[in-house]
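# Predicted model and sequence follow; I will ask about them next.
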Amino acid sequence: QYYMNELRKHITQTNKYEKVMFLGDSMGAAAALRFSELADYVLAFTPQIDIRNYEAITRVDFTAECRERFQNDLVNAVLEKSKATFEIHYGEGCDEDVRQIGCLTKSQEGEEGTEINNKIELVGHDYDDHVLSLLLRDLG
């Protein structure tokens with residue numbers, strides 16, 4: 001809640017933004033999705049949505065309950081709260097990326113799929129690694 005309040009305060013108090021875009025890769029993409037209710041547009045690359053068993057997180061204060069709440073809040077923000085337009089890129093050959101995207105599609109349809117709703121565009125790429133944004137950068 002702290003970060004949501006701080007972002008909201010910055011965006012609204014500066015009063016100089018006509019439109020707000022959030023951009024992120026991996027956990028940064030997850031943050032962009034999580035706080036999307038404050039944005040008009042979100043561009044996310046390979047978001048980490050389900051972090052319950054994510055080994056890269058070593059903070060002891062980030063409990064299993066906290067990780068579960070993070071995922072639920074993120075999915076709820078994207079599918080229910082946010083009015084933003086989303087473009088979410090992922091590697092179709094990367095099992096973990098596909099599983100992560102499935103967290104959004106399962107929540108909406110009950111099974112994995114590519115259509116969520118008219119505000120979310122899932123963009124699959126023929127790539128088998130999590131570092132998709134680096135590939136896209138190198139491809140120009």
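In hand now; what should we look at?
# Backbone dihedrals for Q71, please?
Taking degrees, to the nearest 10, you get phi -60, psi -50 for the backbone angles of Q71.
# what about it, how many neighbours?
19 (other C-beta atoms under 10 Å). All C-beta atoms are positioned from the backbone trio N, CA, C, and that covers glycine.
# Now do it against V78, distance only.
Plainly put, Q71 is 11 Å away from V78 if you go by C-beta to C-beta, to the nearest Å.
# Kindly report the same for G140.
Separation of G140 from V78 (C-beta to C-beta): 29 Å.
# More neighbours: those two, which one.
It is V78, of G140 and V78, that has more neighbours when counted by other C-beta under 10 Å, with 29 against 4.
# Name the nearest residue to the more buried one, sequence neighbours excluded.
Excluding its sequence neighbours, the residue lying closest to V78 (C-beta to C-beta, 6 or more residues apart in numbering) is L33, at 5.3 Å.
# what packs against the helix or strand hosting the one you found?
Using DSSP states H and E, L33 falls within helix 27-34. Judged by 3 or more C-beta pairs under 8 Å, 6 or more residues apart in numbering; DSSP states H and E, helix 27-34 is in contact with strand 21-25, strand 41-45, helix 64-76, strand 85-91.
# Could you dump the ones you listed into CSV and include distance to D126 and mean pLDDT?
Converted to CSV, these look like this (distance: least, C-beta to C-beta, whole Å; pLDDT from 0 to 100):
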stretch, distance to D126, mean pLDDT
strand 21-25, 18, 97
strand 41-45, 15, 98
helix 64-76, 26, 92
strand 85-91, 8, 96
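# how about the ones you listed, which one is nearest I120?
strand 85-91 (4.4 Å; C-beta to C-beta).
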